[in-house]
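# Please work out how this folds:
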Amino acid sequence: MNQPIKVIIPAYNEQDSIANVINDIPSIVDEIIVISNNSTDKTEENAKNAGATVLQENRKGYGYACLKGMKYISEQENKPNIIVFLDGDYSDYPEQLTELVYPIINDNIDFVIGSRIKQLREQGSMTPQQIFGNWLATFLMKLFFGAKFTDLGPFRAIKYDKLLALNMEDKTYGWTVEMQLKALKQKLAYAEIPMKYRNRIGVSKVSGTVKGSILAGIKILGWIFKYSFK
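Below is the predicted model of the structure:
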């Protein structure tokens, strides 16, 4: 059965890593879409040279970039069956995309998250605040919703029609947790796949700063409590 796959990669000043990410994505993917989120370096040029479709989203925010990619896909005549979200910093292993989409293609799972488990993580690849934030968010989702998530990993795959039904709206830091909460609310069949994770190329714009970590934490907790009392 043919399962067209498109990859959405939000990228802000990832000139040193973006080509590596694109080049390591398996050939089963139909289109790689890089959304330059107000980049001021050679991210766009390097992504184009590596064979990706490049879009521009000048409103800064992870969610803004993802929504731009989704809008682009919605205007295409031939829609994909699966959307994969992947960061542009080369911390994930893009070649593991085949493992990520396997449960969707073979087991009819709706939504799959690449879980950055400790045994497969390179030392230092996640900051203490990231590790704690992931633990707290997934603990609260388990407490309130009986969820089995262990991570808010950005490397994730979802059926295109299920993604549209989620009606995603977060523009910044809350994109990943919003998707997981809405997947729980809509009772999507979900799974986690253990993934390798390494130190990113360059400095994180979120977890690498105190301000970014605090704002991300507030946004994530805000979404969880919002849905807990709906």
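# For residue 87, which non-adjacent residue is spatially closest?
residue 154 (4.9 Å; C-beta to C-beta, 6 or more residues apart in numbering). No exception for glycine: its C-beta is placed from N, CA and C like everyone else's.
# Let's verify that neighbour: helix, strand, or coil?
coil (DSSP: H, G, I helix; E, B strand; the rest coil).
# how close does it get to residue 180?
11 Å (C-beta to C-beta, to the nearest Å).
# The two: which is more packed in?
residue 180 (28 against 20; other C-beta atoms under 10 Å).
# Buried ones in the helix or strand where that one lies, by neighbour count?
For residue 180, the host element (DSSP states H and E) is helix 175-185. Neighbour counts using 16 or more other C-beta atoms under 10 Å place 175-184 of helix 175-185 among the buried residues.
# next structured bit after it?
Downstream of helix 175-185 (by DSSP H and E), the next one is strand 190-194.
# Packing partners of that next one?
helix 97-107, strand 111-115 (3 or more C-beta pairs under 8 Å, 6 or more residues apart in numbering; DSSP states H and E).
# Let me have the ones you listed in a markdown table, extended by mean neighbour count.
Below are these laid out as a markdown table (neighbours: other C-beta atoms under 10 Å):
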| stretch | mean neighbour count |
| --- | --- |
| helix 97-107 | 18 |
| strand 111-115 | 24 |
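# I'd like the ones you listed as CSV, with mean pLDDT and distance to residue 63 appended.
Putting the helices and strands packed on strand 190-194 into CSV (pLDDT from 0 to 100; distance: least, C-beta to C-beta, whole Å) gives the following:
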stretch, mean pLDDT, distance to residue 63
helix 97-107, 97, 21
strand 111-115, 98, 17
